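Visitor: Give me a 3D structure for the following:
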Amino acid sequence: MEPAPQNTCTAFAGHELLASGDLATVALAVKRVLDAGEERAVHIFDDVTSQLVEIDFRGTPDEVAARIAGDSGAKPDAPRGPGRPKLGVVGREVTLLPRHWEWLATQPGGASVTLRKLVEEARRTRRGEDEMRRSQDAAYRFMTALAGDLLGYEEATRALYAHDEQRFNTIVELWPAGVSAHAKRVAAGAWR
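Guide: Alright, predicted model coming up:
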């Protein structure tokens, strides 16, 4: 999975921080390390989601860079589904109980307009909670992938979900410097 273009990523070899920055810069740094014979597992994480980023490292550094630059992820010949694609509208199935459909049918503008309004209202009112949950999930994903074998991992995870920033920071401070700093940075939104 590739990060969104505006996102940065961070690479580790084992527990050692290799590089952080835009995807192309990080990928080329990792390519140099791999070509030098690195034997530890190398992981590249999207800095926002902590999803692992997969890169095809075959070939020369220029070939790797060209693949990254040319891989937009878009499939121009993909068939279009229902909705209004030019407007960004995507049609998908929604399953509701009959009483929900009855209520939606009585709303001005119909079901689609009402559902969009409900979603926008929920996004506005739950923005802080959603950001906190995304940060917790990203920190957990990173910690599970890279710190699961480190002292205090379970306790750090409990502190993360208990919103105990001080306890979390105390525990992860015992980890290798790069892992500790990255875990704190990814978890920062969980404390707001």
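
Visitor: okay, and the helix or strand of this protein with the least pLDDT?
Guide: In the chain, no helix or strand scores lower on mean pLDDT, DSSP states H and E than helix 110-125, which sits at a mean of 80.

Visitor: What residues sit buried inside the following helix or strand past it?
Guide: Counting by DSSP states H and E, the element after helix 110-125 in chain order, helix or strand, is helix 127-146. Buried residues in helix 127-146, counted by 16 or more other CB atoms under 10 Å: 132, 135, 136, 138, 139, 140, 141, 142, 143, 146. C-beta here means a position set from N, CA and C on the backbone, and glycine is covered the same way.

Visitor: The protein - how does it break down into domains?
Guide: Following automatic domain parsing, one gets these domains for the chain: 9-70, 93-125, 128-191.

Visitor: Find the residue at the geometric middle of the chain.
Guide: Geometric centre of the chain, nearest residue: residue 49, 1.6 Å, by CA atoms, centre = their mean.

Visitor: does that one sit in a helix, a strand or a coil?
Guide: Assigned with DSSP: H, G, I helix; E, B strand; the rest coil, residue 49 falls in the coil class.

Visitor: give me phi/psi at it?
Guide: The phi and psi torsions at residue 49 (degrees, to the nearest 10) take the values phi -100, psi -20.

Visitor: Isn't it up against residue 138?
Guide: Yes: if you go by CB atoms under 8 Å, residue 49 and residue 138 touch, sitting 5.4 Å apart.

Visitor: Go ahead and list the helix or strand containing residue 62.
Guide: Per DSSP H and E, residue 62 falls inside helix 61-70.
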